[in-house]
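Student: missing the sequence, but the structure's below:
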């Protein structure tokens, strides 16, 4: 059977768990600190969650557009003769696969974060009440800020890899 170089399997082959831990640790710490500080300072978790969702719905499409633009530049570069030079060495092949995996992961995380933000936005508009509203709100704030931090971190790493 031929080796499949597409899809999630390829992404996981070229973006290891070690890479994921390196990329997620800083956003995880920052999100945790921001959530804990907001729990101590902010009394209106609903208002804060609403602000975070609005921020996410403004930032994620912009980051997604920036990501697609960077990928377009990368593809333009690879359409030139430099692709053959790059793929002639093992390090070049690994860099090419790692860049593609980073872009694919960033696109996947962007789509998940945007979908989550939209779901939370619509739930907020329903004006539901729950006994555990603060716990749910702060948990959602943590998750959304983690996604946003992860997107910024991985895009920063992509820019570094491109240069």
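Tutor: Done, it's in. No experiment lies behind these values; they were computed from the predicted model shown.
Student: For the protein, which helix extends over the most residues?
Tutor: When the chain is parsed with DSSP state H, its longest helix is helix 90-126.
Student: where in the chain is pLDDT low?
Tutor: Along the chain, the model assigns pLDDT under 70 to residues 1-14, 78-88, 92, 161-163.
Student: all helices for it, in order.
Tutor: Using DSSP H, helices in the chain cover 7-14, 17-41, 45-79, 82-87, 90-126, 133-162.
Student: need those helices in a markdown table with mean neighbour count, can you?
Tutor: (Glycine included, C-beta is placed from N, CA and C.) Formatted as a markdown table, those follow (neighbours: other Cβ atoms under 10 Å):
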| stretch | mean neighbour count |
| --- | --- |
| helix 7-14 | 14 |
| helix 17-41 | 14 |
| helix 45-79 | 15 |
| helix 82-87 | 12 |
| helix 90-126 | 16 |
| helix 133-162 | 18 |
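Student: about what we covered before: which strands and helices lie in contact with the longest helix of the chain?
Tutor: On a contact count with 3 or more Cβ pairs under 8 Å, 6 or more residues apart in numbering; DSSP states H and E, helix 90-126 meets helix 7-14, helix 45-79, helix 82-87, helix 133-162.
Student: Tabulate these (a markdown table), appending distance to residue 39.
Tutor: What follows is these, written out as a markdown table (distance: least, Cβ to Cβ, whole Å):
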| stretch | distance to residue 39 |
| --- | --- |
| helix 7-14 | 35 |
| helix 45-79 | 8 |
| helix 82-87 | 48 |
| helix 133-162 | 6 |
